[in-house]
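Engineer: would you be able to build a 3D model of this:
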Amino acid sequence: MGKLVEGVWHDVWYDTKANGGKFVREDAGFRDWIKNDSEAVFQPESGRYHLYVSLACPWAHRTLIFRKLKGLEPHIDVTVVCPDMLSQGWQMGLPEPLFGHTRMHQIYTQAKPDYTGRVTVPVLWDKKTNTIVSNESSEIIRMFNSAFNDLTGNHDDYYPEPLRGVIDEWNDYIYPNVNNGVYRCGFATSQEAYEEAFESLFSALDKIDAHLATHRYLAGNKITEADWRLFTTLVRFDAVYVGHFKCNKQRIADYVNIQGYLKELYQIDGIADTT
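Structural biologist: Residues are numbered from 1 along each chain as shown. So this is what the prediction gives:
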């Protein structure tokens with residue numbers, strides 16, 4: 001996991017020493033929005049946007065799920081990078097279709113030649129202005145949830161107004177403790193940092209399992225954004241995080257309620273196609 005510094009690629013890992021061995025994720029560098037507004041720079045148009053993802057990445061997986069659920073596949077095309085992150089970071093097996101680039105960091109410098117920051121996926125690219133709209137997954141899925149509704153006729157809402165408070169509460173709890181929590185375990189470089197992340201992770205999973213004993217989904221009886229944000233971590237947990245990230249107190253298979261919840265979400269039409 002390297003980074004760009006003023007447009008030059010450097011194969012460097014995270015500096016955990018400055019944080020007592022803790023992994024601290026950097027903020028996304030591109031945070032614009034697609035809006036259904038005649039004055040907006042980025043407007044919802046069929047064929048205008050391109051999505052770069054990795055199938056190994058839970059953050060990118062969120063965007064593929066919303067692209068599927070919201071009927072955006074005919075309107076937003078996709079490039080899937082190779083699953084291995086090597087010395088050049090995320091790479092393409094074949095040159096990607098817009099510029100013929102073979103490395104993800106080239107997409108970043110295509111948008112901003114002097115970019116400084118981590119090179120991550122997902123990336124939502126605008127073909128009209130030739131720049132990155134966003135590389136923040138939580139905001140990309142919000143755009144996919146509502147910005148293209150008039151174009152697709154799909155008004156399914158995974159962030160409904162009456163539930164936004166509880167959805168935000170779950171998101172704010174699950175992100176640091178579970179979504180990012182597995183990375184805080186796996187990328188910790190001190191025992192203290194690892195144990196802190198480990199305890200937070202499994203305390204959160206215990207809380208979620210207890211909640212699901214009396215609730216079908218996180219926000220009640222309706223699947224929401226909060227469920228899909230959790231799903232992409234859960235579906236990788238036993239196969240990846242238990243071993244590779246040392247999240248090995250329990251498997252998801254050992255949580256009766258979470259396991260049933262995970263199976264139900266996976267069986268929703270189209271979701272298996274995104275994994």
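Engineer: quick one: low-confidence residue ranges for the stretch 151-275 of the chain.
Structural biologist: Nowhere does the stretch 151-275 of the chain drop to pLDDT under 70.
Engineer: for it, what spans make up the helices?
Structural biologist: 164-174, 181-186, 191-212, 225-236, 242-244, 256-266 (DSSP state H, counting those that start in this stretch).
Engineer: wait, which of those is closest to residue 25?
Structural biologist: helix 181-186 (7.0 Å; C-beta to C-beta). (Each C-beta comes from the backbone N, C-alpha and C, glycine too.)
Engineer: quick one: buried residues of that closest one?
Structural biologist: Going by neighbour count (16 or more other C-beta atoms under 10 Å), the buried part of helix 181-186 is 181-186.
Engineer: of those residues, just say which sits nearest to residue 117.
Structural biologist: Lowest distance from residue 117 to those (C-beta to C-beta) belongs to residue 183, with 16.9 Å.
Engineer: how far away is the spatially closest residue to the closest one that is not a sequence neighbour from residue 245?
Structural biologist: Of all residues not flanking residue 183 in the chain, residue 23 sits nearest, at 5.8 Å (C-beta to C-beta, 6 or more residues apart in numbering). Applying C-beta to C-beta, to the nearest Å, the value for residue 23 to residue 245 is 10 Å.
Engineer: same check, this time on residue 47
Structural biologist: Using C-beta to C-beta, we find residue 47 at a distance of 38 Å from residue 245.
Engineer: what do you get for residue 273?
Structural biologist: Residue 273 is 26 Å from residue 245, where distance means C-beta to C-beta.
Engineer: more neighbours, these two?
Structural biologist: Shown here are residue 273 and residue 245; by other C-beta atoms under 10 Å, residue 245 has more neighbours (22 against 10).
Engineer: my read: that one touches residue 181, true?
Structural biologist: No. Taking contacts as C-beta atoms under 8 Å, residue 245 lies outside contact range of residue 181: 9.5 Å.
Engineer: please name the residues that touch the residue nearest the centre of the chain.
Structural biologist: Closest to where the C-alpha atoms of the chain average out (C-alpha atoms, centre = their mean) is residue 59, at 1.4 Å. If you count contacts by C-beta atoms under 8 Å, 6 or more residues apart in numbering, residue 59 has them with 120-122, 137, 232.
Engineer: for residue 230, same thing?
Structural biologist: Going by C-beta under 8 Å, 6+ apart, residue 230 touches 170, 174, 178-179, 208, 218.
Engineer: out of those, who's the most crowded?
Structural biologist: Going by other C-beta under 10 Å, residue 218 tops these with 26 neighbours.
Engineer: wouldn't that residue be in contact with residue 227 here?
Structural biologist: Yes. Counting by C-beta under 8 Å, residue 227 is a contact partner of residue 218 at 5.4 Å.
Engineer: which residue ranges of the stretch 1-150 of the chain form strands?
Structural biologist: Taking DSSP state E, counting those that start in this stretch to define them, one finds strands in the stretch 1-150 of the chain at 3-5, 8-10, 49-53, 76-80, 117-118, 123-126, 131-134.
Engineer: let me know the angle separating the fourth one from strand 49-53.
Structural biologist: So the one you mean is strand 76-80. Strand 76-80 runs at 30 degrees relative to strand 49-53, counting by axes from the mean of the first three to the mean of the last three C-alpha atoms, to 10 degrees.
Engineer: contacting residues around residue 192?
Structural biologist: 20-21.
Engineer: try it again at 10 Å.
Structural biologist: 20-22 (C-beta atoms under 10 Å, 6 or more residues apart in numbering).
Engineer: out of those, give me the one that has the most neighbours.
Structural biologist: Top of these by neighbour number is residue 22, holding 19 neighbours under the definition other C-beta under 10 Å.
Engineer: from memory that one sits against residue 191, does it?
Structural biologist: No. The criterion here is C-beta atoms under 10 Å, and residue 22 misses it with residue 191 at 11.7 Å.
Engineer: if we can go back for a sec, okay, the contacts of residue 192 in TSV with pLDDT and distance to residue 128 next?
Structural biologist: Shown next, in TSV, are the contacts of residue 192 (pLDDT from 0 to 100; distance: C-beta to C-beta, whole Å):
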residue	pLDDT	distance to residue 128
20	93	45
21	96	44
22	95	40
